[in-house]
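Student: Show me how the following folds:
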Amino acid sequence: MKNRFSSIAFETLGCKLNFSETSSIRREFAELGYDIRGFQESADIYVINTCSVTNDANSGCRKTVRQARRRNPDALIAVIGCYAQLEPEEIAAIDGVDLILGAKEKFRLPDLIHDDFVKQETTLIYRSDVNEAEEFHHAISSDDRTRAFLKIQDGCSYKCAFCTIPLARGKSRSPMIETVLQSADQLVREGYKEIVVTGVNAGDFGAGRDDSLADLLEVLVEVDGLNRLRVSSIEPNLLDPRIIELAVESPILQPHFHLPLQSGSDTMLRRMRRRYKRDLYKEKIHMIRERLPDACIGADLITGHPGESDSLFKESYQFVADLEISYLHVFTYSERPGTDAVKMDPVVPVPTRKERTRQFRNLSDRKRRLFDTRYLGDTRPVLFESARENGIIQGWSDNYIRVTVEASEDLENRLLPVTLQEILEDGTVRGVLDPEHSREELVIQELTTV
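Tutor: Residues are numbered from 1 along each chain as shown. Sure thing, here's the model as predicted:
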C-alpha cells in the first residue's frame with residue numbers, strides 16, 4: 001500500500017542543537033523517499049521542533065501551527081522537542097496538532113508515521129520520563145554549504161536555577177570519539193570546510209568516561225581535509241587550558257571562544273546556581289588573551305533574574321564592561337515552570353528586565369565595534385559562506401569577524417585572504433580580496449601559521 005503522506009516540511013524554533021536534530025530527522029525522511037518541502041509550501045506533514053528556553057514557547061508554537069494549517073488544512077501536524085517534553089497538554093490544546101513527541105520519542109517520528117497511520121480526533125502524545133532519554137542521537141545541520149554544526153553532546157546534569165534544559169533533555173550524555181570522528185570525515189567528504197561542534201553543554205563531552213572535549217578536539221584537528229574547527233560554547237569551569245593551547249598550536253581550531261557568564265555578580269551566580277565565581281571567569285579570559293591576543297570572545301548574559309537588585313545589576317554591568325571580551329548574547333529572564341527560579345524573590349519587574357537587556361546590548365555593540373576596529377588594515381583568512389548576490393559575498397574571518405567583499409566571481413566555500421577596510425552600517429566589515437587570491441592555499445597557510 002502506498003503511503004498517502006508523500007511530502008513533509010520542517011520548522012525549527014530555538015538553538016543550533018535543535019536545528020541539527022531537525023536536519024537529521026529530515027535526512028531520514030528524505031532517505032525514505034519523502035518530498036522535502038519548505039515550511040512556506042503546502043505539504044502532507046508539518047513537523048515543528050520546539051524550544052523551551054523563553055516564556056513565548058506557547059505563542060511561538062501556536063503561531064507556527066496556525067501557519068501550517070493555513071497552507072494545508074488536512075495536513076498531519078507533529079510537534080516535537082523541548083516544549084513538547086515539558087508541556088504536552090498545553091500543546092494538545094492547540095487546534096490542529098495531531099502528534100506530540102517528547103525528548104526520547106522525537107527520533108521515532110519516521111517510524112510512527114507509517115503506511116496505515118490515521119489521524120485521530122484527539123492529539124496523540126508520546127512522552128516518556130525525561131530520565132529515560134539516555135541514548136545519544138547523532139545530528140548534523142548546516143547554515144549553508146560551507147559550515148556544518150555537529151552535535152557531540154546532549155542533555156545537562158547541571159541544575160541552574162533558571163534553566164529547563166535538564167527537564168526537557170535529560171542528563172548529560174555523549175558519543176564515543178570514534179563516532180564523532182566518523183561524522184566529521186563524512187562532512188569533509190560532503191565538501192564542508194568548517195565544522196562547529198555543538199551540544200547543550202559541549203564542555204561536558206566524555207563525562208563519566210576517560211576522555212574529554214580536549215581529547216576530542218585534538219583528534220578532530222587531524223581530520224584530513226578539514227580547514228576549520230570551532231566550539232559553539234564552553235562553560236568557563238570546563239574550559240581546559242589544553243583547548244586554548246590547541247588553538248595556539250593548530251591553525252585548524254579557530255581563535256574564537258564563547259563562554260557563558262550569565263552574571264558578573266558572585267551573589268547572582270550563587271542564586272543562579274552556576275558552578276564558578278567571576279574570578280574564575282576573569283582568569284579564563286586572561287588566559288585566552290595572553291595566549292591568543294587576536295581571539296574573539298563571546299559571553300552569554302541573563303538580565304532580571306529574581307534577586308537582581310539595582311546594585312547587583314550595576315556590579316554585573318561594570319564587571320562585564322571591564323572584561324576584554326568581543327560581544328554579548330543577552331537574554332531577558334523569563335519564568336519557566338518547574339525551575340527553582342520561579343520560587344525566588346524578589347521578582348524583577350519586566351520593564352526593568354528589558355531596560356537592563358537594552359543596556360547590555362548597547363554595551364555589546366560597542367565591544368563588537370571596538371574589537372572589529374582593531375583589525376582594520378589587517379589581512380585575515382575568510383571563509384565565504386553566502387552565494388554571490390548583486391556582486392556582494394559574505395563570510396567569517398578566523399577570529400569571527402563578519403566580512404563583506406565585492407566580487408565578480410562566485411567565491412562560496414573558498415577560503416581566501418582579505419584585507420579589512422571599514423565597518424559598514426549593518427555591522428559587517430568591508431574587505432578587499434588579495435589581488436593574488438588564486439594562490440589561496442599558499443597564502444592561507446602563511447596566515448594561519450604565523
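Student: Could you list the low-pLDDT ranges of the stretch 301-450 of the chain?
Tutor: Along the stretch 301-450 of the chain, segments meeting pLDDT under 70 span 387, 436-450.
Student: Tell me which stretches of it form strands.
Tutor: For the stretch 301-450 of the chain, the strands defined by DSSP state E, counting those that start in this stretch cover 327-332, 379-384, 392-397, 402-406, 415-423, 429-433.
Student: so can I have TSV of those showing distance to residue 223 and mean neighbour count?
Tutor: For every residue, glycine as well, the C-beta is placed using N, CA and C. Below are the strands of the stretch 301-450 of the chain laid out as TSV (distance: least, C-beta to C-beta, whole Å; neighbours: other C-beta atoms under 10 Å):
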stretch	distance to residue 223	mean neighbour count
strand 327-332	28	19
strand 379-384	16	23
strand 392-397	19	22
strand 402-406	25	19
strand 415-423	16	19
strand 429-433	27	20
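Student: so can I have JSON lines of those showing distance to residue 31?
Tutor: Output for the strands of the stretch 301-450 of the chain, formatted as JSON lines (distance: least, C-beta to C-beta, whole Å):
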{"stretch": "strand 327-332", "distance to residue 31": "35"}
{"stretch": "strand 379-384", "distance to residue 31": "29"}
{"stretch": "strand 392-397", "distance to residue 31": "31"}
{"stretch": "strand 402-406", "distance to residue 31": "35"}
{"stretch": "strand 415-423", "distance to residue 31": "31"}
{"stretch": "strand 429-433", "distance to residue 31": "39"}
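Student: With respect to residue 232, which of those strands lies nearest?
Tutor: strand 327-332 (11.3 Å; C-beta to C-beta).
Student: export that closest one as PDB, just CAs?
Tutor: Extracted in PDB, the C-alpha atoms of strand 327-332 (Å, rounded to 0.1, in the frame of the first residue of the first chain):
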ATOM      1  CA  TYR A 327      30.400  40.600  22.000                       C
ATOM      2  CA  LEU A 328      27.500  39.500  24.200                       C
ATOM      3  CA  HIS A 329      24.400  37.400  23.700                       C
ATOM      4  CA  VAL A 330      21.900  38.900  26.200                       C
ATOM      5  CA  PHE A 331      18.700  37.200  27.300                       C
ATOM      6  CA  THR A 332      15.900  38.700  29.300                       C
END
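Student: by contact count, what packs against it?
Tutor: Under the contact definition 3 or more C-beta pairs under 8 Å, 6 or more residues apart in numbering; DSSP states H and E, strand 327-332 sits against strand 296-303, helix 350-374.
Student: Next, the angle from the shortest one to helix 350-374.
Tutor: Pointing back at strand 296-303 there. Using axes from the mean of the first three to the mean of the last three C-alpha atoms, to 10 degrees, the direction of strand 296-303 lies 170 degrees away from that of helix 350-374.
Student: quick one: strand 296-303 to chain centroid distance?
Tutor: For strand 296-303, the distance from its own C-alpha centre to the chain's C-alpha centre is 13 Å (C-alpha atoms, centre = their mean, to the nearest Å).
Student: If we go by neighbour counts, what in that strand is buried?
Tutor: 296, 297, 298, 299, 301, 302, 303 (16 or more other C-beta atoms under 10 Å).
Student: nearest residue to the fourth one other than its sequence neighbours?
Tutor: Spelled out, that is residue 299. Nearest non-adjacent residue to residue 299, counting by C-beta to C-beta, 6 or more residues apart in numbering: residue 261, 4.5 Å away.
Student: who's in contact with the one you found?
Tutor: For residue 261, the contact set (C-beta atoms under 8 Å, 6 or more residues apart in numbering) comprises 236, 278, 281, 299, 300, 301, 320.
Student: From residue 201, how far off is it?
Tutor: Distance from residue 261 to residue 201, counting by C-beta to C-beta, to the nearest Å: 15 Å.
Student: rewinding a little: pipe the helices and strands packed on strand 327-332 into JSON lines and attach distance to residue 79 per row.
Tutor: Output for these, formatted as JSON lines (distance: least, C-beta to C-beta, whole Å):
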{"stretch": "strand 296-303", "distance to residue 79": "26"}
{"stretch": "helix 350-374", "distance to residue 79": "27"}
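Student: Mean neighbour count, those: which tops it?
Tutor: Comparing the helices and strands packed on strand 327-332 by mean neighbour count (mean count of other C-beta atoms under 10 Å), strand 296-303 comes out on top with a mean of 23.
Student: what angle separates that strand from strand 392-397?
Tutor: With the same axes, to 10 degrees defining the directions, strand 296-303 sits at 90 degrees from strand 392-397.
Student: ok so, going back, and of the contacts of residue 261, the nearest to residue 381?
Tutor: Out of the contacts of residue 261, the member with the shortest distance to residue 381 (by C-beta to C-beta) is residue 299, at 24.6 Å.
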